[in-house]
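Asker: Got a predicted structure here, sequence first:
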Amino acid sequence: MITTNIEVPARQTRGSCLTIGNFDGVHVGHQQLITKVKKKARLMDLTSMVITFDPHPLRVLVDTKTPPFITLTDQKLELIDQMGVDYTLCMTFTRELAGLEPQEFVHKYLVDKLKVKELIIGYDYAFGKGRKGNFTLLKVLGEKYGFSVDQFPPVMVDGAIVSSTRIRDMVEDGRVWEVRPLLGRFYRVEGRVITGKQRGGALLGFPTANIFLKDELFPRTGVYAVWAEVDGKILPAVANIGYNPTFGNDYLSVEVHILDFSGNIYDQPIKVHFVQRLRSEKKFSGIDELKAQIQKDCALGRKILSAPESMLD
């Protein structure tokens, strides 16, 4: 259950087993940590909880521009909740909250309100004023207030630690196929289908859904094999992220051509799951050369998406 209520009804006789963090991306490292929370809570007959924040602390504390986040709050909470914890608690992050000493935060929120009995944190997590709330201090506070503290080790994929920064860099570089093992899913963006320039179907013979996206992180410009999720249906598609240089556009657009599809999806929500990058964006000599390339892109996209390893989980 997703909630903003800091006084959620834990099993008051036993208390809670919880973890706390920003969890940008809800990647496989986060997933393994949350799975441990669930298992420990079940073994100890405790309520399982995940605490996260909105807005992201960086947006409140850092004056300069922050990097784009992998998952906006709604998607992050949805992904955590899908893992089956009893409560996903989203706290409003403010400068006042950031200014609390770690002991005050622990006592006021974790102990008094959430009745923590077991706290599991990530290997690099710290909180509170000056980020002094690290594993060492939490162990001391646990002894004082009667809860145990465990530190979850980093998760490795391909010989390197899985981190939100690593995932962000890979997505921005267009390496969407390689990012799947780190996320445990294909990277996705979502938005709403809007009216575009009306060139896809009328001019090129390949109707496209132009998308007004709400996400912050986009793969590099180019053409991708994707799954388009519309009205609960998963449909094979090819997406173009770019400036349409053949037509001289000066703004970034995201267009999706759903293969073998003729329905009207204007103004509908859509999710785009990026499977594999097909090519870079390029300027063509004219309409005929562009149409020929789109045909090749669709054929390659169809082949990639027909492979078992490309299927959505």
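Answerer: Perfect, thanks for sending it. Numbers count the residues shown, from 1 in each chain.
Asker: From here on, just use CA atoms for contacts and neighbour counts.
Answerer: Noted.
Asker: got the buried residues for the lengthiest helix in the chain?
Answerer: Longest helix of the chain, by residue count under DSSP state H: helix 287-305. Within helix 287-305, the residues scored as buried using 16 or more other Cα atoms under 10 Å are Leu290, Lys291, Ile294, Asp297, Cys298, Leu300, Gly301, Arg302, Ile304, Leu305.
Asker: Over to stretch 274-283?
Answerer: Within stretch 274-283, the residues that count as buried by 16+ other Cα under 10 Å are Phe274, Val275, Gln276, Arg277, Leu278, Glu281.
Asker: Dump those residues to a markdown table, plus pLDDT.
Answerer: Compiled in a markdown table, the buried residues of stretch 274-283 are given as follows (pLDDT from 0 to 100):
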| residue | pLDDT |
| --- | --- |
| Phe274 | 97 |
| Val275 | 98 |
| Gln276 | 98 |
| Arg277 | 98 |
| Leu278 | 97 |
| Glu281 | 86 |
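Asker: Tell me which two of those sit farthest apart.
Answerer: Val275 and Glu281 (17.0 Å; Cα to Cα).
Asker: Tell me the helix or strand right after the lowest-mean-pLDDT helix or strand in the chain.
Answerer: Lowest on mean pLDDT, DSSP states H and E among the helices and strands of the chain sits strand 2-3, with a mean of 86. Remark: after strand 2-3, the chain's next helix or strand is strand 16-20, criterion DSSP states H and E.
Asker: before we move on, the earlier item: and the least confident helix or strand of the chain, how far from the chain's centre?
Answerer: Centroid separation between strand 2-3 and its chain, computed with Cα atoms, centre = their mean, to the nearest Å, is 17 Å.
Asker: Sheet-wise, list the partners of that strand with their directions.
Answerer: strand 87-92 (parallel) (DSSP bridges).
Asker: what angle sits between the partner strand and strand 16-20?
Answerer: Calculated by axes from the mean of the first three to the mean of the last three Cα atoms, to 10 degrees, strand 87-92 forms an angle of 50 degrees with strand 16-20.
Asker: Outside of whatever helix or strand comes next after strand 87-92 itself, list whatever touches it.
Answerer: For strand 87-92, the succeeding helix or strand toward the C-terminus, using DSSP H and E, is helix 95-98. Helix 95-98 is touched from outside by Val60, Leu61, Phe127, Gly128, Lys129, with contacts defined as Cα atoms under 8 Å, 6 or more residues apart in numbering.
Asker: Stretch 151-167 too?
Answerer: So stretch 151-167 is contacted by 24-25, 27-29, 33, 70, 120-123, 135, 179, 181-183 (Cα under 8 Å, 6+ apart).
Asker: Mind checking which of these are in strands?
Answerer: Counting by DSSP state E, those place Ile120, Ile121, Gly122 in strands.
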